[in-house]
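> the following block contains a protein sequence and its predicted model.
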Amino acid sequence: MTRRSNLDWMQALCGDCGDDAQRSAHQDLARYLYVVAYNYLRLRQTDLYRLAEFAAEELAALAEDFVQETLEKLARDHFALLSRYNATGNFTSWAAQIVRNQAAMELRKSYWTRRSPLPQAGDGDNDAEAELTLELADPSGAADPVRQAQQQQVCDLVQRCLAGLSERYRLAVLNCLGDDVSADAVARALDTTANAVYLIIQRAKRQLRACLEQSGLDRSALAVFA
């Protein structure tokens, strides 16, 4: 990895030093953050039921997803997040904490520890889609026609973004997130492993978030797909 000062990192990542320097900085940061994310996941394998089952290559793929999410977060809104770095300590250490936080937020979710009985997968896609979209509705506006119309627009947008996913991704999201079907049941429907389903969900949520962001959806609604 190229040696850079904290200022060098900031300027290169923002593109102030040209496209080549920006590309190189992103690649170097991605490689560094991958090591951080992979090692963090290795440490968490001892206390998370699902993660303990991940083989090395599956753990590597999950680490790559967290790195990608972190880089996208850094680049969002013209690298606005970089303004929070106060130059106290190394820039790479600051970025490493972001990727660890990204992974920690994901690993706090229930499907990493779920051991519940398995309902049948694939039978309730419409209900699951409705449940996901209802999470975006604000019950305080139930009696307000304008508010109701806004909520319906949000639900329609979410459904369009869901429809844009591949069949495998859509099935995994609707069943695991919308209908609370376990990854084991979805894995049987997709003829794959439960670990692969978790990776599919990660990537599907990133695609959904990108679709919703492009449409200007409010950040509180985007949190459903964080």
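Happy to help now that I have it.
> distance from the helix or strand harbouring residue 205 to the middle of the chain?
Using DSSP states H and E, residue 205 sits in helix 194-214. Chain-centre distance of helix 194-214: 6 Å, with C-alpha atoms, centre = their mean, to the nearest Å.
> who does it touch, helix- and strand-wise?
helix 56-79, helix 145-163, helix 167-172, helix 183-190, helix 219-222 (3 or more C-beta pairs under 8 Å, 6 or more residues apart in numbering; DSSP states H and E). Heads up, the C-betas are built off the backbone N, CA and C, glycines and all.
> any idea which helix or strand in the protein has the lowest mean pLDDT?
Every helix and strand of the chain was ranked by mean pLDDT, DSSP states H and E. The lowest is helix 125-134, at a mean of 53.
> domain boundaries for the protein, per the record?
6-112, 125-225 (automatic domain parsing).
> picking that back up, just put the helices and strands packed on helix 194-214 in CSV and tack on mean pLDDT and mean neighbour count.
Below are the helices and strands packed on helix 194-214 laid out as CSV (pLDDT from 0 to 100; neighbours: other C-beta atoms under 10 Å):
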stretch, mean pLDDT, mean neighbour count
helix 56-79, 90, 17
helix 145-163, 79, 15
helix 167-172, 86, 19
helix 183-190, 84, 20
helix 219-222, 58, 13
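> list the buried residues for stretch 207-217?
Going by neighbour count (16 or more other C-beta atoms under 10 Å), the buried part of stretch 207-217 is 207-209, 211-212, 217.
> that older thread, Serialize the helices and strands packed on helix 194-214 to JSON lines and add fields for distance to residue 47.
Below are these laid out as JSON lines (distance: least, C-beta to C-beta, whole Å):
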{"stretch": "helix 56-79", "distance to residue 47": "15"}
{"stretch": "helix 145-163", "distance to residue 47": "33"}
{"stretch": "helix 167-172", "distance to residue 47": "25"}
{"stretch": "helix 183-190", "distance to residue 47": "18"}
{"stretch": "helix 219-222", "distance to residue 47": "29"}
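> which ones are touching residue 196?
By C-beta atoms under 8 Å, 6 or more residues apart in numbering, the residues touching residue 196 are 58, 187, 190.
> wouldn't the first one be in contact with residue 200 here?
To tie it back to what came earlier, the one meant is residue 58. No: using C-beta atoms under 8 Å, residue 58 makes no contact with residue 200, being 11.6 Å away.
> for the closest residue to residue 30 other than its chain neighbours, give its distance to residue 95.
Leaving aside its sequence neighbours, residue 30 sits nearest to residue 67 (C-beta to C-beta, 6 or more residues apart in numbering; 5.5 Å). Remark: distance between residue 67 and residue 95 (C-beta to C-beta, to the nearest Å) = 10 Å.
> brilliant, that's me finished.
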